[in-house]
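A.B. asks: predicted model, plus sequence, below.
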Amino acid sequence: MDIKEVLIAAIKNAVQSAIEAGALPEGELPDIVLEVPPKKELGDFATNVAMQSARAFHMAPRKIAEEITSRVSGDWLDRVEIAGPGFINFFLKSNVVYDALMAIYKNLDGFGQLPEKDMAPIQVEYVSANPTGPLHVGHGRGAAAGSALVNVLRAAGYPVVAEYYINDAGNQINNLAKSVDHRYLELLGKADEASFPEDGYHGADIIDTAQRIIKRDGDKYLNMTADERMGVFKELALKEKLAALKEDLEAFNVRFDVWFSERTLHPEKVQSACEALKSNGKIYEQDGALWLASTQYGDDKDRVVIRDNGVPTYLAADIAYHKDKFDRGFSKVINIWGADHHGYICRVKAAIAALGYNPDNLEVLLTQMVRLLRGGELVKLSKRTGQTVTLAELIEEVGTDAARYFFIMRSMDSQLDFDLDLAKSQSNENPVYYIQYAHARICSIFRQAAENGLEAGEAPELSLLTDATELALIDKLQSYEEEVAKAAAEYAPQRIARYAYELAGEFHSFYNQCRILGVDEKLAKARLALVKITAHTIRHALGILGVSAPEKM
RNA sequence: GCGCUCGUAGUCCAGUGGAUAGGACGUUGGCCUCCGGAGCCGAAAGCGUGGGUUCGAUUCCCGCCGAGCGCACCA
């Protein structure tokens, strides 16, 4: 049984016996919450239950605390103190700490992986960038945040399906084909036959695609009609762009379980979703178009689902897509979108509710805008003009590890200025190196220990670890699984980024304070065990972040 | 105009209904005869603003000010 549960049970007993003794009036007890105090001098655990219940008991918090503390006991308890406005601070006997550390040490491989939960999977859909060009840094942020979220959920024991929605239907794909067609004709000296499409893509990658087509197939497509050519180019370009996307993501340590094609929704699933909405009156016809009555669910206005020309809107596909997600039986559906899509949340949730599903089971997480600075100037992000910094270029400049950590360490909903010059010229100062350095240092220690035939062994005397830096490091290690659980529950992978940084800090402090090799053998073994756990935990946390943990730097 | 996200040291960011609000960069004072100085220890400096709820608000609610984004029969 977890020590926290033991503690909570003891507190409940104490309150109960205080009530029975007449020292506390009958009253509703608030939930007992244990927290780790901000300072070591304030004990191992603390509870604010006395303050929480001041109102119900009509008593001063400190007085309530006295009644409780005088009745709490246990052989694991060293002492109890009342502090500040009414906190009750618990000091555990030191053997409790060492026993817990030994338990971690004995099952080190499993440390950080929480037991699997028996539940329907959570779906996380992210990136889902249009396959019309390379990923840029904004997508990179979503990719890093999404994959870290998937990893942290899995570490916390949740079953997860990571999914990418491919927008391979609709206008933007036609524009892609037209853009390739234009470049194709241009390269073959026939630019006058097709003007550049109004919403075409100006990126250099389009020209590359056209060149590859010419290199492979020459000018044979000139014999086709424009429509036929467009059909061929559409498929060719889509295939290329998709392959490029996967390549970029793979280089960024981002992998998906499901690549979901929008085309598979057309036309049957879109139709059946519309039928379902029509039959319960949530879709109506006006001006020749079909409208979703989203205002019934708080939207600003109703939204067109099927245009008056019979062509479904993007929303129609998205309704069918989300219906499909819910029909697949996920316990939770998480979408990670760029913040510029936030206005879209309301209508999708409206559609979900209109279909009879619980819109609260859809969680939309927004990643705020990334602004790039180069030479102190803002770099404009514009797909239209093709002046973008791509994810591939970012990785080329600062590396996958630094880029991922930099994106993840900030909460998704805070805007980010990414100074490329700084990231390049001062990449040594990136916190990711600080963490990796701690890991490399430990690996170096083990290499030297091995040369001396020294290893931690199966039964290190952990109670020899009594230095303040050792105790601080032990504390940090013991809070890891709770941190994983919290990060998962809050969909906040940045907590793991911060944890890893703080853990590295505790290690570096310890390292400067305590020698590991060259001290008494029993102590050396205990310290080797401590750093072994530390290395494992750093590796595990960096694994969640998708950042490597090199043994040498 | 309406909506969404956000305002935390000189700068960039964490974080929290409670005990002295953390860290990095920058500024600044120390630390290697020694396991990797990409390190450690110390100093100065901060919750935009006005109300409200609460025993207690930087955190929750409302107004104001400021920033970004969005308000299509585009995707």
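C.D. replies: Structure received.
A.B. asks: so where's the stretch 251-400 of chain A uncertain?
C.D. replies: By pLDDT under 70, the weakly predicted segments of the stretch 251-400 of chain A are A:380-387.
A.B. asks: swap in 90 and give it another go.
C.D. replies: A:297-300, A:339-340, A:342-343, A:360, A:368-390, A:393, A:396-399 (pLDDT under 90).
A.B. asks: could you pull out the helices for it?
C.D. replies: Per DSSP state H, counting those that start in this stretch, the stretch 251-400 of chain A carries helices over the ranges A:268-279, A:314-327, A:345-354, A:391-398, A:400-408.
A.B. asks: for the last one, give me every contacting residue.
C.D. replies: What that stands for is helix A:400-408. A:140-141, A:144-145, A:148, A:251-253, A:370, A:394-395, A:398, A:416, A:418, A:423, A:427, A:430-433, A:435-436, A:493-494, A:496-497, A:545-548 (Cβ atoms under 8 Å, 6 or more residues apart in numbering). For every residue, glycine as well, the C-beta is placed using N, CA and C.
A.B. asks: about what we covered before: A:C514: which of the helices of the stretch 251-400 of chain A is closest?
C.D. replies: helix A:400-408 (27.7 Å; Cβ to Cβ).
A.B. asks: OK, contacts around the closest residue to RNA strand B within the stretch 101-250 of chain A?
C.D. replies: In the stretch 101-250 of chain A, the residue that lies nearest RNA strand B is A:G170 (3.4 Å; Cβ to the nearest atom of the strand). Shown in contact with A:G170 (Cβ under 8 Å, 6+ apart): A:E262, A:Y314, A:A317.
A.B. asks: one more time with 10 Å, if that's ok
C.D. replies: Going by Cβ atoms under 10 Å, 6 or more residues apart in numbering, A:G170 touches A:N130, A:E262, A:R263, A:H266, A:V311, A:P312, A:T313, A:Y314, A:A317.
A.B. asks: now swap in A:A65 and tell me
C.D. replies: Applying Cβ under 10 Å, 6+ apart to A:A65 gives the contacts A:47-51, A:53-54, A:59, A:80-83, A:85-89.
A.B. asks: ok, it to RNA strand B distance?
C.D. replies: Going from A:A65 to RNA strand B by Cβ to the nearest atom of the strand, to the nearest Å gives 10 Å.
A.B. asks: gap between the helix or strand that residue falls within and the chain center?
C.D. replies: A:A65 belongs to helix A:61-69 when assigned by DSSP states H and E. When distances are taken as Cα atoms, centre = their mean, to the nearest Å, helix A:61-69 is centred 41 Å away from the chain's centroid.
A.B. asks: beyond that helix, next helix or strand please.
C.D. replies: Going down the chain from helix A:61-69, the next helix or strand is strand A:77-83, by DSSP H and E.
A.B. asks: tell me the gap between that following strand and the middle of its chain.
C.D. replies: 38 Å.
A.B. asks: anything in it near RNA strand B?
C.D. replies: Yes: with Cβ under 7 Å from any atom of the strand as the criterion, RNA strand B is reached by strand A:77-83 at A:A83.
A.B. asks: might one say that A:L187 is in contact with A:G218?
C.D. replies: No: using Cβ atoms under 10 Å, A:L187 is not in contact with A:G218, being 11.2 Å away.
A.B. asks: which ones among the contacts of helix A:400-408 lie within strands?
C.D. replies: Residues of the contacts of helix A:400-408 located in strands (DSSP state E): A:V370, A:L416, A:F418.
A.B. asks: let's have these in JSON lines, adding distance to RNA strand B and neighbour count.
C.D. replies: Output for the ones in strands among the contacts of helix A:400-408, formatted as JSON lines (distance: Cβ to the nearest atom of the strand, whole Å; neighbours: other Cβ atoms under 10 Å):
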{"residue": "A:V370", "distance to RNA strand B": "10", "neighbour count": "24"}
{"residue": "A:L416", "distance to RNA strand B": "5", "neighbour count": "19"}
{"residue": "A:F418", "distance to RNA strand B": "9", "neighbour count": "21"}
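A.B. asks: got JSON lines for the residues you listed, with distance to A:G157 too?
C.D. replies: What follows is the ones in strands among the contacts of helix A:400-408, written out as JSON lines (distance: Cβ to Cβ, whole Å):
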{"residue": "A:V370", "distance to A:G157": "31"}
{"residue": "A:L416", "distance to A:G157": "30"}
{"residue": "A:F418", "distance to A:G157": "33"}
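A.B. asks: thinking again about what came up before, out of the contacts of A:G170, which touch RNA strand B?
C.D. replies: Among the contacts of A:G170, the residues lying close to RNA strand B (Cβ under 7 Å from any atom of the strand) are A:N130, A:V311, A:T313, A:Y314.
A.B. asks: which residues of the stretch 301-450 of chain A lie near RNA strand B?
C.D. replies: A:303-304, A:307-309, A:311, A:313-315, A:339-344, A:346, A:366, A:368-369, A:409-411, A:413-417, A:428-429, A:431, A:433-434, A:437, A:440-441, A:443-445, A:448.
A.B. asks: count of neighbours near A:G281?
C.D. replies: Neighbourhood size, A:G281 [other Cβ atoms under 10 Å]: 10.
A.B. asks: residues in contact with it?
C.D. replies: A:A293, A:Q296, A:A354 are the contacts of A:G281 under Cβ under 10 Å, 6+ apart.
A.B. asks: let me know the pLDDT of A:P30.
C.D. replies: Looking at A:P30, its pLDDT reads 68.
A.B. asks: quick one, the helix or strand harbouring A:G231 and helix A:391-398 angle?
C.D. replies: A:G231 belongs to helix A:226-251 when assigned by DSSP H and E. Relative orientation of helix A:226-251 versus helix A:391-398 (axes from the mean of the first three to the mean of the last three Cα atoms, to 10 degrees): 30 degrees.
A.B. asks: wait, A:V531 touches A:P460, no?
C.D. replies: No: counting by Cβ under 10 Å, A:V531 sits too far from A:P460 to count as a contact (11.1 Å).
A.B. asks: for A:E262, see how far away whichever residue of chain A sits closest to RNA strand B is.
C.D. replies: Chain A approaches RNA strand B most closely through A:G343 (2.7 Å), counting by Cβ to the nearest atom of the strand. Separation of A:G343 from A:E262 (Cβ to Cβ, to the nearest Å): 20 Å.
A.B. asks: residue contacts, the residue nearest to the spatial centre of chain A?
C.D. replies: Computing the C-alpha centroid of chain A and ranking residues by Cα atoms, centre = their mean puts A:L149 first, at 2.3 Å. A:L149 makes contact with A:122, A:124, A:126, A:160, A:162, A:334, A:336, A:365, A:408, A:412, A:487-488, A:491-494, A:544, according to Cβ under 10 Å, 6+ apart.
A.B. asks: residues contacting A:Q368?
C.D. replies: Going by Cβ under 10 Å, 6+ apart, A:Q368 touches A:138, A:141, A:338-340, A:342, A:410-416.
A.B. asks: mind checking which of those are in strands?
C.D. replies: Per DSSP E, strands hold the following members of the contacts of A:Q368: A:G338, A:L416.
A.B. asks: buried by neighbour count, from the contacts of A:Q368: which ones?
C.D. replies: Buried members of those, scored by 16 or more other Cβ atoms under 10 Å, are A:G138, A:R141, A:G338, A:R410, A:S411, A:M412, A:L416.
A.B. asks: can I see the domain layout of chain A?
C.D. replies: Listed domain ranges for chain A are A:3-92, A:171-251, A:431-545 (source: automatic domain parsing).
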